[in-house]
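Asks: the sequence and its predicted three-dimensional model are supplied below.
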Amino acid sequence: MNFRRPEIWLITGIPAAGKTTVARALAARLERSAHIEGEQLWQQIVAGRETPSATTLEGETERQYELVIRNQCLLARSYAEAGFTPILDFVVVTRSHLEAYMNYLAGGALRVVALTPSLDIVAQRDAARGGKTGSTWSPLDETLRTELSGTGLWLDTSTLTVEQTVDAILERAEEALVRRV
């Protein structure tokens, strides 16, 4: 029997960076894959959901955020065990949240892609989708660049189409591989 470590992808970036669109397009390009959207899991909390309102998460909001990460990873493991490549997307901008993914997904080959379009492009994309987040999340860009710099594959997608972004991800897959030190 040939054992192959499961390959799991995590697409991150600030809101309106294109995570969900790129994750779905990446999943569509693979032979067997599953897209696990963090925002959808967050929205499964119907009563008592705490929505982040600042650049830091605390208390109940942090607990729920980590619950989403844990559930994403449980689903990822389940799909991987069934022979599918899980593609996760969520706003992951802190080292501690990335470490949570790494811990929950230990034993798998975790590939991390940070989408980092310019804030002007993010604002345009957000406006095009009805202004879901506005500029409230723009400070997360600095946090992402500070906390996760040098981890995984970083793509400035300001001038890239979704297809060009997926092409770049697949061409540079080895750069996305996160190794524990």
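Replies: In hand now; what should we look at? Numbering: from 1, shown residues only.
Asks: show me where the protein has helices.
Replies: Applying DSSP state H to the chain gives helices spanning 19-29, 38-43, 59-81, 95-104, 119-128, 139-147, 162-171, 173-176.
Asks: can you put those in TSV and add mean neighbour count, mean pLDDT and distance to Leu110?
Replies: The C-beta positions use only the backbone N, C-alpha and C, and glycine is treated the same way. Output for those, formatted as TSV (neighbours: other Cβ atoms under 10 Å; pLDDT from 0 to 100; distance: least, Cβ to Cβ, whole Å):
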stretch	mean neighbour count	mean pLDDT	distance to Leu110
helix 19-29	20	97	14
helix 38-43	17	91	15
helix 59-81	17	92	9
helix 95-104	17	94	6
helix 119-128	16	85	25
helix 139-147	16	87	17
helix 162-171	16	98	14
helix 173-176	15	95	9
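Asks: okay, those in JSON lines with distance to Pro6 next?
Replies: Listed next are those as JSON lines, based on distance: least, Cβ to Cβ, whole Å:
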{"stretch": "helix 19-29", "distance to Pro6": "15"}
{"stretch": "helix 38-43", "distance to Pro6": "19"}
{"stretch": "helix 59-81", "distance to Pro6": "3"}
{"stretch": "helix 95-104", "distance to Pro6": "12"}
{"stretch": "helix 119-128", "distance to Pro6": "31"}
{"stretch": "helix 139-147", "distance to Pro6": "26"}
{"stretch": "helix 162-171", "distance to Pro6": "18"}
{"stretch": "helix 173-176", "distance to Pro6": "15"}
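Asks: and of those, who's closest to Ile87?
Replies: When the helices of the chain are compared by Cβ to Cβ, helix 19-29 sits nearest Ile87, at 4.4 Å.
Asks: what's in contact with that closest one?
Replies: 9, 11-13, 33-35, 37, 39, 85, 87-91, 113, 115, 157, 162-163, 165-166, 169-170 (Cβ atoms under 8 Å, 6 or more residues apart in numbering).
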